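> I would like the atomic coordinates for the input below:
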Amino acid sequence: MKVLISIIGEQPIPNILPVLYLKPDKNIFLYSTTTEKIAEKLGKLLPNSYKEKVEPYDLQNILTKVHQFINQDEQYLFNITGGTKIMSIALYQISTFKKSEFVYLQSEGNKSILYKYKYENDNIVLVKDALPELINVDLYLKAHLPDYSIFEISENQNSGRRYENVVINTLRNNGFEVIANVKPKGEGNKLEIDAVIRLKGTNNVAVAEIKIGDKEEKGPKSGIDQLALAGQREYLGIYTNRFLITSRQLSKHIKELAIAHKMIVVDGIEQNRHNENLTAESQVKLIQKFKEKLSWPVMLINLSNHPKNKWTEKQLSTALRKYKSIVDLSFPNISPNANSNQVKKKAESYWNKILQLIKSSNDNYNAVHLMGEFTFVFHLATILKKKKIPVIVSTTNRIVEEKDGKKIVTFNFVRFREY
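Numbering: from 1, shown residues only. The predicted structure is shown next:
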């Protein structure tokens with residue numbers, strides 16, 4: 001039997017994602033007085049779950065409690081992501097004693113990476129897994145709220161409600177899961193959320209207030225108030241992305257107010273003249289902004305003279321912190337006798353190869369690592385930038401050493417830099 005022991009912090013998602021990915025037979029949640037409600041909620045959402053209360057800053061108390069219920073017949077994994085540092089130290093000590101796997105969830109740049117540490121011949125071996133889509137909006141809401149309902153909308157919709165529907169339908173038709181008109185239960189009339197949105201293929205969720213706008217900007221102001229409330233710890237928490245969407249351009253004062261509250265402003269999202277859809281320009285603007293904030297590049301296409309198996313450990317680990325995978329595409333042999341037109345045609349043919357790779361990834365947000373013969377790189381980078389595909393280079397420090405009368409030149413990777 002595989003048992004996952006997790007420490008509960010103030011955010012539920014770092015505990016939910018590893019459980020859904022690792023699929024243990026049994027979950028044990030270590031919680032404190034502060035996190036008891038979260039542990040209870042997780043116990044209801046995740047099957048075969050049990051909880052154990054510990055003193056979060058008492059190392060011996062935690063060690064004693066855990067040793068009381070572990071045995072030799074079960075396989076244990078330890079999630080050290082949440083809780084206090086003392087709780088993490090305790091589980092690390094126990095994993096070391098039992099030579100059991102322990103994991104840590106890193107959430108950075110809209111991606112979730114599960115660091116899995118395994119013991120092999122008294123050495124700790126690290127394996128990093130980029131987590132796939134594991135949650136939906138309903139689970140996200142239930143993880144954060146006591147429960148929620150969908151508040152009723154009058155059949156005689158005003159222009160504001162019609163605008164909300166147009167925006168929501170645009171998102172639904174472009175790769176987003178949306179639950180609209182969300183009202184947390186047991187909270188009176190304090191909070192009503194226009195839309196809770198998840199980019200499909202990811203575990204990234206946002207809330208949005210959608211306002212048609214008015215000269216006095218009452219709608220956008222109330223939207224800011226609702227988003228500020230939604231971001232409180234007792235609701236959806238401080239890490240939830242919050243969008244303010246308006247049909248009109250906002251004044252500088254209101255826009256600065258929203259940004260000061262760490263909200264993402266998407267203003268000037270206009271309907272067409274029949275008010276049935278958004279204008280083509282507004283659709284592109286809306287979708288690009290949401291994907292920019294909720295997605296991350298899935299694949300890095302390495303088009304250079306150095307395949308990834310020749311990269312240094314630093315270069316490879318830096319890339320894998322940002323991209324799910326690295327795919328090599330051999331750099332072409334560019335004849336020194338080729339003219340500019342021939343090189344340009346070669347660049348266009350490689351654009352078609354890159355396009356096929358991007359289509360096979362089922363994601364529009366990929367990037368190209370492009371280094372090599374200058375004129376080819378110029379032509380291809382120009383095409384890629386026009387197609388809004390990120391293009392990056394590796395920067396290095398050039399180190400020159402003299403050994404046995406010979407100069408030895410090495411290049412040490414520093415960082416990736418976008419064109």
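> Please parse the chain into its domains.
2-130, 137-294, 299-418 (automatic domain parsing).
> got TSV for those, with mean neighbour count and mean pLDDT too?
All C-beta atoms are positioned from the backbone trio N, CA, C, and that covers glycine. As requested, these are exported to TSV (neighbours: other Cβ atoms under 10 Å; pLDDT from 0 to 100):
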stretch	mean neighbour count	mean pLDDT
domain 2-130	17	92
domain 137-294	17	89
domain 299-418	15	88
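> where exactly do the helices run in the stretch 151-300 of the chain?
Ranges of helices within the stretch 151-300 of the chain are 159-172, 218-230, 252-260, 280-294, based on DSSP state H, counting those that start in this stretch.
> what would these look like in a markdown table with distance to residue 398?
Formatted as a markdown table, these follow (distance: least, Cβ to Cβ, whole Å):
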| stretch | distance to residue 398 |
| --- | --- |
| helix 159-172 | 48 |
| helix 218-230 | 49 |
| helix 252-260 | 41 |
| helix 280-294 | 35 |
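> Check this structure for its longest helix and report it.
If you go by DSSP state H, the chain has its longest helix at helix 340-360.
> For residue 286, see how far away the closest residue to residue 287 other than its chain neighbours is.
When the adjacent residues along the chain are set aside, residue 287 lies closest to residue 174, with 4.9 Å between them (Cβ to Cβ, 6 or more residues apart in numbering). Residue 174 is 8 Å from residue 286, where distance means Cβ to Cβ, to the nearest Å.
> swap in residue 274?
18 Å.
> go on, residue 252?
21 Å.
> again, but for residue 347
Distance from residue 347 to residue 286, by Cβ to Cβ: 32 Å.
> same check, this time on residue 90
Residue 90 is 47 Å from residue 286, by Cβ to Cβ.
> Kindly report the same for residue 107.
In terms of Cβ to Cβ, residue 107 sits 25 Å off from residue 286.
> same thing with residue 152?
From residue 152 to residue 286 the distance is 26 Å (Cβ to Cβ).
> Now do the longest helix of the chain: which elements does it pack against?
Counting contacts by 3 or more Cβ pairs under 8 Å, 6 or more residues apart in numbering; DSSP states H and E, helix 340-360 packs against strand 299-304, strand 325-330, helix 374-386.
> partners of the second one, with directions?
The sheet places strand 325-330 alongside strand 299-304 (parallel), with pairing taken from DSSP bridges.
> Quick one: list the elements packing against the very next helix or strand once past the partner strand.
Next in sequence after strand 299-304, counting helices and strands by DSSP states H and E, comes helix 313-322. Using 3+ Cβ pairs under 8 Å, 6+ apart, the elements in contact with helix 313-322 are strand 325-330, strand 406-418.
> ok so, going back, out of the helices and strands packed on helix 340-360, which comes closest to residue 366?
Closest to residue 366 of the helices and strands packed on helix 340-360 is strand 299-304 (Cβ to Cβ; 4.5 Å).
> could you check the angle helix 374-386 makes with the closest one?
160 degrees (axes from the mean of the first three to the mean of the last three Cα atoms, to 10 degrees).
> roughly how far is strand 299-304 from the heart of the chain?
21 Å (Cα atoms, centre = their mean, to the nearest Å).
> How about stretch 4-11?
Distance of stretch 4-11 from its chain centroid, counting by Cα atoms, centre = their mean, is 20 Å.
> Identify the residues contacting it?
Outside of stretch 4-11, the residues within contact range by Cβ atoms under 8 Å, 6 or more residues apart in numbering are 15, 18-19, 22, 24, 26-32, 34-35, 38-39, 42, 66, 70, 76-84, 87-88, 91, 233, 237, 239.
> give me phi/psi at the residue nearest to residue 287?
phi -130, psi 40 (degrees, to the nearest 10).
> Contacts only, for the spatially most central residue of the chain.
By Cα atoms, centre = their mean, the chain has its centre lying nearest to residue 110, at 1.9 Å. Neighbouring residues of residue 110 by Cβ under 8 Å, 6+ apart: 202, 204, 293, 294, 295, 296.
> Tell me the pLDDT of the last one.
What it means is residue 296. Residue 296 is assigned 69 on the pLDDT scale.
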